[in-house]
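Asker: need a 3D model of the sequence below.
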Amino acid sequence: MVEKTHILKNRDGHYWGRAKEWVDGSERSRVAQYTHRDEASNTLFEISSKDFGLRAETLEVHLKNGKLPKLEVSQIPLPGFEETEDESTELAVENSV
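Answerer: Below you'll find the predicted structure:
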């Protein structure tokens with residue numbers, strides 16, 4: 001019997017983490033896993049009720065030796081880690097000197 005789990009992935013390629021925040025998938029141990037699809041669906045419903053713009057899906061993943069396989073790491077910055085306009089202006093000033 002193949003072991004499987006369910007994970008949540010948003011449109012930016014981020015995965016719902018065990019710490020109840022989005023992670024990029026580079027550290028598989030931080031990704032939340034759900035044994036049952038309805039448990040994952042309920043979590044997705046709870047998250048989306050707080051973030052109306054959220055677009056995410058529940059994925060069924062086959063485990064390898066009881067662990068998540070390598071996940072595609074998102075190239076999009078995680079929420080809260082985007083470069084602000086002030087930071088980009090500072091970099092432009094530093095680079096022009």
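Asker: any regions of this protein where pLDDT drops low?
Answerer: 1, 81-97 (pLDDT under 70).
Asker: do that again at 90, thanks
Answerer: The model of the chain has pLDDT under 90 over residues 1-2, 52, 79-97.
Asker: the residue nearest the centre of it pairs with what?
Answerer: The centre of the chain sits closest to residue 15, judged by C-alpha atoms, centre = their mean, with a distance of 2.0 Å. Bridge pairing for residue 15 (DSSP bridges) gives the partners residue 9, residue 23.
Asker: let me see the contact set for it.
Answerer: Neighbouring residues of residue 15 by C-beta atoms under 8 Å, 6 or more residues apart in numbering: 7, 8, 9, 22, 23, 24, 25, 31, 32, 71. No exception for glycine: its C-beta is placed from N, CA and C like everyone else's.
Asker: at 6 Å what do you get?
Answerer: With contact taken as C-beta atoms under 6 Å, 6 or more residues apart in numbering, residue 15 is in contact with 7, 9, 23, 25, 31.
Asker: ok, now residue 14?
Answerer: By C-beta under 6 Å, 6+ apart, the residues touching residue 14 are 22, 24, 74.
Asker: at 10 Å what do you get?
Answerer: 8, 21-25, 31, 56, 73-74, 76-79 (C-beta atoms under 10 Å, 6 or more residues apart in numbering).
Asker: residue 72 too?
Answerer: Applying C-beta under 10 Å, 6+ apart, we find residue 72 in contact with 9, 13, 15, 24, 25.
Asker: which of the contacts of residue 14 are buried?
Answerer: 8, 22, 23, 24, 25, 31, 56, 74 (16 or more other C-beta atoms under 10 Å).
Asker: distance to residue 40 added to those residues, as JSON lines?
Answerer: As requested, the buried ones among the contacts of residue 14 are exported to JSON lines (distance: C-beta to C-beta, whole Å):
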{"residue": "8", "distance to residue 40": "6"}
{"residue": "22", "distance to residue 40": "15"}
{"residue": "23", "distance to residue 40": "16"}
{"residue": "24", "distance to residue 40": "19"}
{"residue": "25", "distance to residue 40": "16"}
{"residue": "31", "distance to residue 40": "12"}
{"residue": "56", "distance to residue 40": "10"}
{"residue": "74", "distance to residue 40": "19"}
